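K.L.:
prediction below, plus the sequence it came from.
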Protein chains: 2
Amino acid sequence: MLRNDITVAIRNAVMSELAEVGYGRLSIEAVARRAGVGKTAIYRRWSNKLEMVLEIITEVAGRKVPLPDTGSFAGDLDLLMMIVSKALQHRVASQIIPDLMAEAARNPQIAETLQKVLRTHQQAVGEKLVGQAIARGELPENTDPDVAVDLILGPLYWRLAVARQPIGDDYLEKLSAAVLGSLRGDAKK
Amino acid sequence: MLRNDITVAIRNAVMSELAEVGYGRLSIEAVARRAGVGKTAIYRRWSNKLEMVLEIITEVAGRKVPLPDTGSFAGDLDLLMMIVSKALQHRVASQIIPDLMAEAARNPQIAETLQKVLRTHQQAVGEKLVGQAIARGELPENTDPDVAVDLILGPLYWRLAVARQPIGDDYLEKLSAAVLGSLRGDAKK
DNA sequence: AAACGGCGGAACGCAACCGTTACGTCGTAG
DNA sequence: CTACGACGTAACGGTTGCGTTCCGCCGTTT
């Protein structure tokens, strides 16, 4: 029986290595070194780097974020933005996610995995949020959930994970107000 | 005197290699192979992989995009979005940019260079656009150019370079309408 | 008490790449 | 016609990582 403490140590080491050197430079030997285990312990669990990383990020990202439902679209939006911005401000996450996203452009398996654990979930959140808002009459019926998701997540991702600019206290408020305005009035087909 | 055709061949090879394997895995030997030159020709020009890449991306990105000025904010916005979306749909650009962005998180020199060639320019564009629009009375005076830039570039970058979803004919129109609405009415402090 | 199995460590042969050097070729400037 | 200098090729010793194998240790199971 594989020892669980060893598995956990490896998992943590992989996340740290991913953050530090990225997928491209990640090496099994470095993971073993950092985890304080032998290479054999790793090869006993996975047969290569890709399989190992895919399994681990699936496991980590699998912890679903609860869908917000505060009763109003504005409330949902604020909450969602708070959750996302918190997540993207975690040091490890903000290093690993853009790195894997870039890697996904060349590796179909990584792309598929990320799509599964991130994009699908986002889409669900977006559709639910927009659907509820339309049902309540807070948004026009022809609001495009696709555009809405891009409008909500794009600026945050851009700011936090790409430009890496700090956000002030009022930034989230301004942003959510802007998004709200854009969807409410003018995202017509 | 260093031969210019060789320099150009190397430059192209670096860009292709960056797109294909990313900065992390880029090797001098692979660049030389692809360019059909000897390693010596490369080391005669630069002393490092980092130095080489920095010089080349600076050169490439240095070709400035002209600031749009169509006479109306809506027109400027449409034009800017068209330019950016075109750029982000180029295969090589959409591979290299996210990769270098991710790498920038670990390498201060890359971060600085990208900041110089991308962020600074964006900021200038954003400030000019918003400034003009305010002067014309098309946007409220307290519009935050920072938020505006994020709102304009974020969704496009997210969609094209991160999620890598194709955009339909009407997507840009919808998006620009949404951004316009958000800035015009509700990005108040 | 004995057998089993996961463990770390060490070493294996192999491949890629580093940055440097020596050499011979070839085009061009003088 | 000569000298120079950039070029490609090849080889250098050294490092890193691959994936595999063998070993001895040690806790658990039986």
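P.N.:
That came in fine, so what should we check first? Everything numeric here is computed off the predicted structure, so don't read it as measured data.
K.L.:
going forward, measure contacts and count neighbours with C-alpha atoms only.
P.N.:
Will do.
K.L.:
what sits against A:Val130?
P.N.:
Residues counted as contacts of A:Val130 (Cα atoms under 8 Å, 6 or more residues apart in numbering or on different chains) are A:Phe73, A:Leu139, A:Thr143, A:Pro145, A:Ala148.
K.L.:
can you do 7 Å?
P.N.:
By Cα atoms under 7 Å, 6 or more residues apart in numbering or on different chains, the residues touching A:Val130 are A:Pro145.
K.L.:
what pLDDT is listed against whatever residue of chain A ends up closest to DNA strand C?
P.N.:
Residue nearest to DNA strand C within chain A: A:Val37 (3.1 Å; Cα to the nearest atom of the strand). Looking at A:Val37, its pLDDT is 98.
K.L.:
sec struct for it, please.
P.N.:
coil (DSSP: H, G, I helix; E, B strand; the rest coil).
K.L.:
quick one, phi psi at it?
P.N.:
phi -130, psi 170 (degrees, to the nearest 10).
K.L.:
how close does it get to A:Thr7?
P.N.:
10 Å (Cα to Cα, to the nearest Å).
K.L.:
report how many residues lie close to A:Thr70.
P.N.:
For A:Thr70, the neighbour count with other Cα atoms under 10 Å in any protein chain shown is 12.
K.L.:
okay, and it sits in which element?
P.N.:
Secondary structure assignment for A:Thr70, by DSSP states H and E: no helix or strand.
K.L.:
interface residues of chain A facing DNA strand D?
P.N.:
For chain A, the contact set with DNA strand D under Cα under 7 Å from any atom of the strand comprises A:Leu26, A:Ser27, A:Ile28, A:Glu29, A:Ala30, A:Lys39, A:Thr40, A:Tyr43, A:Ser47, A:Asn48, A:Lys49.
K.L.:
quick check: buried residues in the helix or strand containing the fourth one?
P.N.:
Secondary structure here is read from DSSP H and E; on that basis A:Glu29 sits in helix A:28-35. Residues of helix A:28-35 classed as buried: A:Ile28, A:Val31, A:Ala32, A:Arg34, A:Ala35 (neighbour count, 16 or more other Cα atoms under 10 Å in any protein chain shown).
K.L.:
got TSV for those, with distance to B:Met82 too?
P.N.:
Converted to TSV, the buried residues of helix A:28-35 look like this (distance: Cα to Cα, whole Å):
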residue	distance to B:Met82
A:Ile28	43
A:Val31	44
A:Ala32	47
A:Arg34	46
A:Ala35	48
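K.L.:
just those residues that are near chain B?
P.N.:
When Cα under 7 Å from any Cα of the partner chain is applied, no member of these is adjacent to chain B.
K.L.:
does any bit of the helix-or-strand element of chain A with minimal mean pLDDT sit next to chain B?
P.N.:
The helix or strand of chain A with the poorest confidence is helix A:171-185; it has a mean of 86 (mean pLDDT, DSSP states H and E). Yes - using Cα under 7 Å from any Cα, we find that helix A:171-185 touches chain B at A:Lys174, A:Leu175, A:Ala177, A:Ala178, A:Val179, A:Gly181, A:Ser182, A:Leu183, A:Gly185.
K.L.:
from the residues you listed, which is closest to B:Lys116?
P.N.:
Using Cα to Cα, A:Leu175 is the member of the residues of helix A:171-185 next to chain B that sits closest to B:Lys116, with 25.2 Å.
K.L.:
any idea which element the residue lying closest to that closest one once chain neighbours are set aside lies in?
P.N.:
Leaving out its chain neighbours, the residue that sits closest to A:Leu175 by Cα to Cα, 6 or more residues apart in numbering or on different chains is B:Val147, at 6.7 Å. Taking DSSP H and E as the criterion, B:Val147 maps to helix B:145-157.
K.L.:
just the angle between that helix and helix B:171-185, please?
P.N.:
Counting by axes from the mean of the first three to the mean of the last three Cα atoms, to 10 degrees, helix B:145-157 points 160 degrees away from the direction of helix B:171-185.
K.L.:
pull out the buried residues from helix B:145-157.
P.N.:
B:Pro145, B:Val147, B:Ala148, B:Val149, B:Asp150, B:Leu151, B:Ile152, B:Leu153, B:Gly154, B:Pro155, B:Leu156, B:Tyr157.
K.L.:
show me how chain A divides into domains.
P.N.:
As given by automatic domain parsing, the domain ranges for chain A are A:4-56, A:64-185.
K.L.:
helix, strand, or coil at the residue nearest the centre of chain A?
P.N.:
With distances taken as Cα atoms, centre = their mean, A:Leu118 lies nearest the centre of chain A, 5.5 Å away. With three-state DSSP as the basis, A:Leu118 sits in helix.
K.L.:
before I go, just wanted to say thanks for your time.
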